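Asker: Build me a model from this:
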Amino acid sequence: MRKKNFGLGAMTAATLLAATSAQAGGLERGGYNIDLLFDPSDYVIDSSVTYVNPQRKLNNVRDTESADGIDTGRPSNGIRATEGYWVPRIGFKAGLGEAVDCMFDYSQPWGAHLNQGRNWVGANENIETKIKSNNYATTCSYSFDMGPGQFRIIGGAFYQELSGFQDRLAADVPSFLGTGVGHLEMKGDGWGWRAGVAYEIEEYALRTSLVYNSAVNLKDITGTLDLTQVPDFIKPGYTGMTHSVYGSTSMPDSLELKFQTGVAPGWLVFGSVKWTDWSQLQSLPFCATATKGAVSCVTKDASNPVSGELTSIDLLYRDGWTISGGAGHKFNEQWSGAASLTWDRGVSTGIGTHTDTWTLGAGVAYTPTENIELRLSGALGLLTSGSSREIVKDGRAYGQRASYDFDNDLVSAISTSLKVKF
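Answerer: Coordinates of the predicted model:
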């Protein structure tokens, strides 16, 4: 039987603060989390759900694609761009002998939901975009004595599914000719892996870990581009029909360093630094399946003037950095708490609304018995101000359909979880 430590150090104060990690840069929702692997119990089931409510609003919206005339009579200020969302996670951890631990978990690491609706000046840029993901992972570690503590070697693999859609106003036409809305539907899947190391000294509640998560190559994204609501005379041979499309991209790799240590009886400090390779998500072209093998599916720009691209999702992200720090305290045998401050560097490079985010989080854990732990955490964050404008990259214009500004906005989140140990 393993030694069990149900104090604050075993709990890891950062696990109280799930609400702070669900509003990060790029398309991140739940991200990757393997904290359950370090629980000292033989068997553990951990489930959580987080609700995040970003309040991003757009102002001074201008239709910069003058030929479409969309700006006539449409609102241009106070446009709610974001929707609230849920982030579920469930995991099971088992200790296999004295040295091996394995965890199996389901999560939704990536996602997005922009829903400005049709009745705004920038409807030609976006009506609604929604992306969701499913991630199924197995992660194991092998521990052995080293100095006063234990060293772990960590490895694992995960299977990931990604799906979504985008609606935008392709043409502003009278209702008897159709809605004028183009609809892109897509889905893809791929595999990834992780590797890392950790070092723990139980006596001091000390743990430091470094974990790398690989990119997930979604090389066979398939879908449809439905333009049946756009009259065929708008662009003969393109509008008025449905196209089978394909594309490819990779979800980003990441590297995260975490640290925690006891500093006084019942007190713990912790922190983390994470790098995410969001810059590999630039423009995602979608091309006609009928041209596959004949014409390359690349972004059509000055360096690639010949392409089968029919449409694209333009992100133009830069790498993301997330830095977090905080402290936890064990009040008594049943109650513990923690608080943290997190900074997430914005990944937008001129288009979009992903600017820097600052988040304050707090959480409590209630342990009525040594086998059950209930956690509740909340977060309040600041989405910093900025603007989205047309930019030119590699000889191609992006964000050219609409421009807008946005002020400092708030994001709030609440998370609850249940852990059962046996």
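Asker: Low-confidence stretches in this structure?
Answerer: The chain contains residues with pLDDT under 70 at 1-19, 21-23, 66-72.
Asker: Sketch out the helices for it, chain order is fine.
Answerer: 8-11 (DSSP state H).
Asker: so the closest residue to residue 373 other than its chain neighbours bridges to which residues?
Answerer: Nearest residue to residue 373, sequence neighbours excluded (Cβ to Cβ, 6 or more residues apart in numbering): residue 419, at 4.2 Å. The C-beta positions use only the backbone N, C-alpha and C, and glycine is treated the same way. Residues in a beta bridge with residue 419, per DSSP bridges, are residue 46, residue 373.
Asker: Residue 419 and residue 41 touch, don't they?
Answerer: No. With contact defined as Cβ atoms under 8 Å, residue 419 and residue 41 do not form a contacting pair (9.0 Å).
Asker: Neighbour count for these two, which is higher?
Answerer: More crowded of residue 419 and residue 41, by other Cβ atoms under 10 Å: residue 419, with 23 against 19.
Asker: quick one: the more buried one from residue 39, how far?
Answerer: Counting by Cβ to Cβ, to the nearest Å, the gap from residue 419 to residue 39 is 8 Å.
Asker: hey, what's the residue nearest to residue 389 when sequence neighbours are not counted bridged with?
Answerer: Closest residue in space to residue 389, ignoring its immediate chain neighbours: residue 403 at 4.9 Å, by Cβ to Cβ, 6+ apart. Here residue 403 shows beta-bridge partners residue 62, assigned using DSSP bridges.
Asker: which residues does residue 403 contact?
Answerer: Contact analysis of residue 403 by Cβ atoms under 8 Å, 6 or more residues apart in numbering lists 61-62, 64, 387-390.
Asker: JSON lines for those, including distance to residue 347 and neighbour count?
Answerer: Shown next, in JSON lines, are the contacts of residue 403 (distance: Cβ to Cβ, whole Å; neighbours: other Cβ atoms under 10 Å):
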{"residue": "61", "distance to residue 347": "22", "neighbour count": "25"}
{"residue": "62", "distance to residue 347": "24", "neighbour count": "15"}
{"residue": "64", "distance to residue 347": "23", "neighbour count": "19"}
{"residue": "387", "distance to residue 347": "15", "neighbour count": "16"}
{"residue": "388", "distance to residue 347": "13", "neighbour count": "21"}
{"residue": "389", "distance to residue 347": "16", "neighbour count": "16"}
{"residue": "390", "distance to residue 347": "19", "neighbour count": "15"}
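Asker: Pull the number of nearby residues for the closest residue to residue 24 other than its chain neighbours.
Answerer: Excluding the flanking residues, the one nearest residue 24 by Cβ to Cβ, 6+ apart is residue 344, at 4.9 Å. Here the count is done by other Cβ under 10 Å, and residue 344 has 27 residues near it.
Asker: Please apply the same query to residue 256.
Answerer: If you count neighbours by other Cβ under 10 Å, residue 256 ends up with 20.
Asker: ok, now residue 265?
Answerer: The tally of other residues near residue 265 (other Cβ under 10 Å) stands at 8.
Asker: Please write out the alpha-carbon positions of stretch 30-47 in PDB.
Answerer: Extracted in PDB, the C-alpha atoms of stretch 30-47 (Å, rounded to 0.1, in the frame of the first residue of the first chain):
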ATOM      1  CA  GLY A  30      -9.600  23.300 -21.100                       C
ATOM      2  CA  GLY A  31      -6.100  22.800 -22.500                       C
ATOM      3  CA  TYR A  32      -4.100  19.900 -21.200                       C
ATOM      4  CA  ASN A  33      -4.000  19.000 -17.600                       C
ATOM      5  CA  ILE A  34      -2.300  15.900 -16.000                       C
ATOM      6  CA  ASP A  35      -2.400  17.000 -12.300                       C
ATOM      7  CA  LEU A  36      -4.500  13.900 -11.500                       C
ATOM      8  CA  LEU A  37      -1.400  11.700 -12.300                       C
ATOM      9  CA  PHE A  38       0.300  13.000  -9.100                       C
ATOM     10  CA  ASP A  39      -2.500  12.100  -6.700                       C
ATOM     11  CA  PRO A  40      -0.900   9.700  -4.100                       C
ATOM     12  CA  SER A  41      -4.100   7.500  -3.800                       C
ATOM     13  CA  ASP A  42      -4.200   4.100  -5.400                       C
ATOM     14  CA  TYR A  43      -7.300   4.800  -7.400                       C
ATOM     15  CA  VAL A  44      -9.000   8.200  -8.100                       C
ATOM     16  CA  ILE A  45     -11.900   9.400 -10.200                       C
ATOM     17  CA  ASP A  46     -12.000  13.100 -10.800                       C
ATOM     18  CA  SER A  47     -14.800  15.000 -12.700                       C
END
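Asker: Can you mark which positions in that stretch are buried?
Answerer: Neighbour counts using 16 or more other Cβ atoms under 10 Å place 30-41, 44, 46-47 of stretch 30-47 among the buried residues.
Asker: now swap in stretch 400-410 and tell me
Answerer: Using 16+ other Cβ under 10 Å as the test for burial, stretch 400-410 gives 400-404, 406, 409.
Asker: Tell me the one among the buried residues of stretch 30-47 nearest to residue 164.
Answerer: residue 30 (16.2 Å; Cβ to Cβ).
Asker: okay but the closest one is in contact with residue 107, surely?
Answerer: Yes. Using Cβ under 8 Å, residue 30 makes contact with residue 107 at a distance of 4.9 Å.
Asker: shared neighbours, these two?
Answerer: 88-89.
Asker: which among the buried residues of stretch 30-47 gets closest to residue 354?
Answerer: Lowest distance from residue 354 to these (Cβ to Cβ) belongs to residue 31, with 14.8 Å.
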